[in-house]
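J.: Take this sequence and fold it.
(one chain, ligands or ions: 1)
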Amino acid sequence: MATSSRHLNIVLGVGGGIAAYKSASLLRLLKEQGHDVHVVPTVAALNFVGAATWEALSGHPVSATVWENVDEVPHVRLGQEADLVIVAPATADLLSRAAQGSANDLLTNVLLTARCPVVFAPAMHTEMWTHAATQKNVATLRSRGVVVIDPAVGRLTGADSGAGRIPEPEEIVSIALGCVDGGDRDLIGRSVVITAGGTREYIDPVRFIGNRSTGKQGIALAVTAAARGANVTLICANVSLPIPTGITVVHVETGPELREQVLAHGRNAEAIVMAAAVADFTVTSESFTKIKKSDSEQSISLELVKTADILKELVTRRNNEHLRQVIVGFAAETGDASATVLEHGQAKLDRKGCDLLVVNEVGKNLGFGTDDNAAVIITREPRAHCEVARTSKSNLANSIWDEVRIHFERS
Ligand code: CTP
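T.: Just a heads-up that it's a prediction; the model follows:
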């Protein structure tokens, strides 16, 4: 998987772009996994995030030039001792200097002395990224074996959007760690389908019943699976977050649309993960014209009818057609007078018939829109469960894939 069982010595190079602030989260993710990280910003980067932040978060002194701590020869030592160098954000100037082999600050010296995997995560305005000079520098770096991640498409610094956004920290970490010792590419060649986000059930052309799911957990599942070598299809219900490259994305809005897509794409998948929050009820008769309020009516009634349970349907198809598929469901639970969270989860797993159920205990400031999550993963055969304490959605995703991989090995 895209974590490394080794504790790595990592250099995090930070270029002078506004996305430098996101590297603080990147640093946090790396430290959370137990890696030792030295941050080497450029002088320009220090305009965006100061040395004090990097020192406090990394636990190491930070310098941008070769003229500090000269007795320790940091310009040679840092690169030589690194197991991995990540440069995020990589600006157009930094890509240019790296491609030229310049050695005019500490970071470019590190890049010349490093013999470990080097991963660049570019971030810049679309015009700068697509400029022939930048593209030539990227091609030069790639021809030398440097990994340059394609920037994501999405909102840029100003009001405009396009290619040039830095990928999410989880994606950078997954890709970078996947480069060390070849990474644990334990899902290589496996085709997986993941649903993410929340469906909308329309009341009329302008109103719908929705839910608060943002799709972050589903995206984390997609990114981690891709980093572990899987071929990933992500079916997104109303997800507005940027989706990293290398993943096949299908956009849907409603429950029936999601059902159609997951049944079609899931037929040949070896694993299906239903992380999307699918509406349990839909409007009995959607109005195709806008519902107007009248002066005489103080209330209106909305009749709802149960939706098709897609997860159950996937399990039924798998069983009837003897498909070799691992099917994973999600559930949001609270304990109550009748049962604990775990007991509710176990009952739901039996009702749904899936192989794994990831149970989120709701109401603990976790879940919708947050970067962290906590869950109990329950398996059907053998009946067992494991608790994943509060951690990043990426780490939880990797724990889920660990369980899925065990199921692959058994089948
Ligand atoms: N699900 C589905 N089709 C639906 C509703 C839900 O496939 N029409 C899937 C979800 O993607 C998720 C799991 O089933 O994987 C959640 O099951 P659900 O019974 O909806 O559980 P909760 O959302 O936890 O709600 P409740 O306990 O009220 O049933």
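
J.: Helix or strand with the lowest mean pLDDT in this protein?
T.: strand 152-155 (a mean of 76; mean pLDDT, DSSP states H and E).

J.: any idea which helix or strand comes after it?
T.: strand 161-165 (DSSP states H and E).

J.: could you point out the longest helix in the chain?
T.: Ranked by number of residues, the top helix in the chain under DSSP state H is helix 393-410.

J.: What are the buried residues along that helix?
T.: By neighbour count on 16 or more other Cβ atoms under 10 Å, the buried set for helix 393-410 is 393-405, 407-408. Any C-beta I mention is one placed from the backbone N, CA and C, and that applies to glycine too.

J.: What is that helix packed up against?
T.: If you count contacts as 3 or more Cβ pairs under 8 Å, 6 or more residues apart in numbering; DSSP states H and E, helix 393-410 packs onto helix 169-179, helix 216-227, strand 271-274, strand 326-333, strand 356-361, strand 372-379, strand 384-392.

J.: what residues does the host helix or strand of V76 touch?
T.: V76 belongs to helix 74-81 when assigned by DSSP H and E. For helix 74-81, the external contacting residues (Cβ atoms under 8 Å, 6 or more residues apart in numbering) are 9, 11, 38, 40, 63, 66, 68, 85, 103, 106, 109-115.

J.: chain center to the very next helix or strand once past that helix, what's the gap?
T.: Note on helix 74-81: by DSSP H and E, the next helix or strand toward the C-terminus is strand 84-90. A distance of 18 Å separates the centroid of the chain from that of strand 84-90, by Cα atoms, centre = their mean, to the nearest Å.

J.: what's the closest residue to K312 other than its chain neighbours in contact with, if anything?
T.: Nearest non-adjacent residue to K312, counting by Cβ to Cβ, 6 or more residues apart in numbering: K352, 5.7 Å away. Counting by Cβ under 8 Å, 6+ apart, K352 makes contact with D309, L311, K312, V315, G329.

J.: any idea how far the spatially most central residue of the chain is from the ligand?
T.: By Cα atoms, centre = their mean, the mean C-alpha position of the chain lies nearest to A220, the distance being 2.8 Å. Distance of A220 to the ligand, given as Cβ to the nearest ligand atom, to the nearest Å: 15 Å.

J.: Next up, the contacts around that residue.
T.: So A220 contacts E170, S392, K393, S394, L396, A397 (Cβ under 8 Å, 6+ apart).

J.: try 10 Å this time
T.: 168, 170-171, 174, 194, 196, 275, 371, 373, 392-398, 400 (Cβ atoms under 10 Å, 6 or more residues apart in numbering).

J.: again with R144
T.: A98, A99, G101, V118.

J.: any chance of these in TSV, plus distance to the ligand, pLDDT and secondary structure?
T.: Converted to TSV, the contacts of R144 look like this (distance: Cβ to the nearest ligand atom, whole Å; pLDDT from 0 to 100; DSSP: H, G, I helix; E, B strand; the rest coil):
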residue	distance to the ligand	pLDDT	secondary structure
A98	44	97	helix
A99	45	97	helix
G101	51	96	coil
V118	39	93	strand
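
J.: got the residues of this structure near the ligand?
T.: Contact residues, the chain versus the ligand (Cβ under 6 Å from any ligand atom): M274, A276, V278, D280, T307, D309, I310, L311, G329, F330, A331, A332.

J.: Pretty sure the last one sits against L357.
T.: Looking back up the chat, that one is A332. No - with contact defined as Cβ atoms under 10 Å, A332 does not reach L357; the gap is 11.2 Å.

J.: between these two, who's got more neighbours?
T.: Ranked by neighbour count (other Cβ atoms under 10 Å), A332 and L357 place L357 first, with 28 against 16.

J.: nearest to the ligand, of the buried residues of helix 393-410?
T.: Closest approach to the ligand among those (Cβ to the nearest ligand atom): I400, at 12.0 Å.

J.: which residues sit in contact with A226?
T.: 2, 171, 174-175, 178, 187, 192, 232, 234, 244-248.

J.: again with V146
T.: 85, 87, 90, 95, 98-99, 111, 114, 117-120, 138, 140.

J.: Pick out the most distant pair among those.
T.: For these, the farthest-apart pair by Cβ to Cβ is A114 and V138; their separation is 18.1 Å.

J.: Look at the residue of the chain positioned farthest from its centre and give its secondary structure.
T.: Distance to the chain centre peaks in the chain at S296, reaching 50.2 Å (criterion: Cα atoms, centre = their mean). S296 falls in the coil class when you classify it by DSSP: H, G, I helix; E, B strand; the rest coil.
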